[in-house]
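[1] sequence and predicted structure are below.
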Amino acid sequence: NAGVMQNPRHLVRRRGQEARLRCSPMKGHSHVYWYRQLPEEGLKFMVYLQKENIIDESGMPKERFSAEFPKEGPSILRIQQVVRGDSAAYFCASSAQGATNEKLFFGSGTQLSVL
Amino acid sequence: KNEVEQSPQNLTAQEGEFITINCSYSVGISALHWLQQHPGGGIVSLFMLSSGKKKHGRLIATINIQEKHSSLHITASHPRDSAVYICAVPNTDKLIFGTGTRLQVFP
């Protein structure tokens, strides 16, 4: 079992470009969470998805950010027209049932650097 | 006021020392999570507990639901325990994280 796979591990973008971050959950998991960790800050919830559905996107900025988890393939976090403030580590986690008293499995994260 | 508070923020120890990291929260919860973030950035779930105490190797986690407080203990600490330790509590369908405790264990 390969665990939660995120790619790329590091992503460098210039201001105004698009960033696409991918997350493949653990085998058998259909619940995916995206979290952001700004430099020297704690993890913050962004969005919770189940296959083909966004369950909770209350932590995601209203503009430029979007997320999807299609029936086939990985979950994608998309950031359009990136700005320097988007530079952060983005972590994905998955679970089998989506219960908050259930263990989460984390990916290694994508470090986004915006020049 | 943050919903999840951790203390201390930073902690240094000599190898072999007993370590305690504290977590207080203000919301009602069904379970509390302790996570470990390595210097390389990867995050590992250490414990999830809703009452009492759990032990895994040299790590022990306790929780007092009435007092809304949890502790993570490391016995016989080792330099490889150096990491950031994060507690997290659920809020509806998502986790709220403490800011973490950065632990450095020196040989």
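    Right, received. Where do you want to start?

[2] from here on, just use CA atoms for contacts and neighbour counts.
    Fine.

[3] show me what contacts residue 5?
    Using chain A. Neighbouring residues of residue A:5 by CA atoms under 8 Å, 6 or more residues apart in numbering or on different chains: A:23, A:24, A:25, A:26, A:107, A:108.

[4] my question was about chain B, not that one.
    Residues near residue B:5 by CA under 8 Å, 6+ apart: B:23, B:24, B:25, B:98, B:99.

[5] returning to what we had before: possible to save the contacts of residue A:5 as CSV with secondary structure, pLDDT and neighbour count?
    Output for these, formatted as CSV (DSSP: H, G, I helix; E, B strand; the rest coil; pLDDT from 0 to 100; neighbours: other CA atoms under 10 Å in any protein chain shown):
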residue, secondary structure, pLDDT, neighbour count
A:23, strand, 97, 28
A:24, strand, 96, 23
A:25, coil, 95, 27
A:26, coil, 93, 21
A:107, coil, 93, 26
A:108, coil, 92, 26
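
[6] any chance of those in JSON lines, plus distance to chain B?
    Below are those laid out as JSON lines (distance: CA to the nearest CA, whole Å):
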{"residue": "A:23", "distance to chain B": "14"}
{"residue": "A:24", "distance to chain B": "15"}
{"residue": "A:25", "distance to chain B": "14"}
{"residue": "A:26", "distance to chain B": "14"}
{"residue": "A:107", "distance to chain B": "7"}
{"residue": "A:108", "distance to chain B": "5"}
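
[7] determine which two of those are furthest apart.
    Farthest pair in the contacts of residue A:5 (CA to CA) is A:26 and A:108. Separation: 12.7 Å.

[8] residues shared between the contacts of the two?
    In terms of CA under 8 Å, 6+ apart, residue A:26 and residue A:108 are both contacted by the residues A:4, A:5.

[9] what's the separation between the residue nearest in space to the middle of chain A and residue A:112?
    By CA atoms, centre = their mean, chain A has its centre lying nearest to residue A:34, at 3.6 Å. Computed as CA to CA, to the nearest Å, the residue A:34 to residue A:112 distance reads 14 Å.

[10] go on, residue A:50?
    Residue A:50 sits 24 Å away from residue A:112, going by CA to CA.

[11] need the contact list for the residue nearest to residue A:115 when sequence neighbours are not counted.
    Closest residue in space to residue A:115, ignoring its immediate chain neighbours: residue A:14 at 4.8 Å, by CA to CA, 6 or more residues apart in numbering or on different chains. The contact partners of residue A:14, by CA under 8 Å, 6+ apart, come to A:82, A:83, A:114, A:115.

[12] just the element for the residue nearest to the centre of chain A, please.
    Assigning secondary structure by DSSP states H and E places residue A:34 in strand A:31-37.
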